[in-house]
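Engineer: the following comprises the amino acid sequence and a computationally predicted model.
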Amino acid sequence: MIANLDEVDFEHWRVDDTATLTFVRDGSLVLLIHKKRGHGAGKINAPGGKVEPGESALDCARRETREEVGLDPQALRCVAELRFQETNGYAMRGFAFIADSASGQLVETDEARPFWCPIATLPFDAMWDDDRFWLPRILEGECIVGEFLIHRERLLEHRLRRVDCRLLGAASMSARPDRSVF
């Protein structure tokens with residue numbers, strides 16, 4: 001069992017899954033979803049999901065947003081690499097994207113009920129524990145790498161650092177998003 005983040009060698013880290021989140025902004029609002037099924041069911045999050053074999057994180061972000069809420073996000077930019085290490089050994093890398101516009105018709109699906117939320121009043125109590133630490137920073141324009149230790153869906157420890165957005169963009173376009181550029 002992993003007891004703290006210092007026990008994790010993120011330089012040689014093996015990832016079990018890679019996933020994405022897409023935050024579509026409209027001025028002072030951000031598109032969120034009530035997750036209806038799958039990983040995170042019952043929580044508020046952004047559209048997203050697991051990267052499929054041969055797919056880049058960027059392509060996954062587009063696909064998942066279309067599938068979950070019917071929108072095609074425009075000018076997506078990668079703003080975070082999120083490294084989730086669970087105490088039981090499971091490891092997931094996430095890429096968070098922001099789009100300032102989207103085309104299409106916003107719809108509810110069997111996976112998600114979308115809603116626009118004021119950025120100033122994000123519902124952190126209904127979200128994953130880690131969101132309160134990194135989400136405000138990316139919505140303010142920072143690019144970050146976050147490392148999180150999780151035990152039974154509860155955050156035990158975290159570290160965040162600011163990074164050059166161009167490096168995140170390069171990582172998100174790779175068809176091998178299981179490899180970090182950091």
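Structural biologist: Received, thanks.

Engineer: which residues does the nearest residue to R14 once chain neighbours are set aside contact?
Structural biologist: Spatial nearest neighbour of R14, chain neighbours left out: A91 (6.3 Å); criterion: CB to CB, 6 or more residues apart in numbering. Just so you know, the C-beta spots here come from the backbone N, C-alpha and C atoms, and that holds for glycine as well. Contact analysis of A91 by CB atoms under 8 Å, 6 or more residues apart in numbering lists W13, R14, V15, D16, D17, R83, F84, Q85.

Engineer: what bridges to A91?
Structural biologist: A91 has these beta-bridge partners by DSSP bridges: Q85.

Engineer: and the longest helix along the chain, what's buried?
Structural biologist: In the chain, with assignment by DSSP state H, the single longest helix is helix 57-69. Buried residues in helix 57-69, counted by 16 or more other CB atoms under 10 Å: A57, L58, D59, C60, A61, R62, R63, E64, T65, R66, E68, V69.

Engineer: same deal with stretch 110-128?
Structural biologist: Using 16+ other CB under 10 Å as the test for burial, stretch 110-128 gives E111, A112, R113, P114, F115, C117, L122, M127, W128.

Engineer: next: stretch 19-34.
Structural biologist: Those would be A19, T20, L21, T22, F23, V24, R25, V30, L31, L32, I33, H34, for stretch 19-34 by 16+ other CB under 10 Å.

Engineer: now, which of those residues lie within helices?
Structural biologist: Among these, DSSP H puts none in helices.

Engineer: of all those, which two lie farthest apart?
Structural biologist: Using CB to CB, the two most remote members of those are A19 and R25, lying 20.3 Å apart.

Engineer: need the pLDDT of L167.
Structural biologist: On pLDDT, L167 comes in at 85.

Engineer: secondary structure class for it?
Structural biologist: Three-state assignment for L167 (DSSP: H, G, I helix; E, B strand; the rest coil): helix.

Engineer: roughly how far apart are it and C143?
Structural biologist: 8 Å (CB to CB, to the nearest Å).
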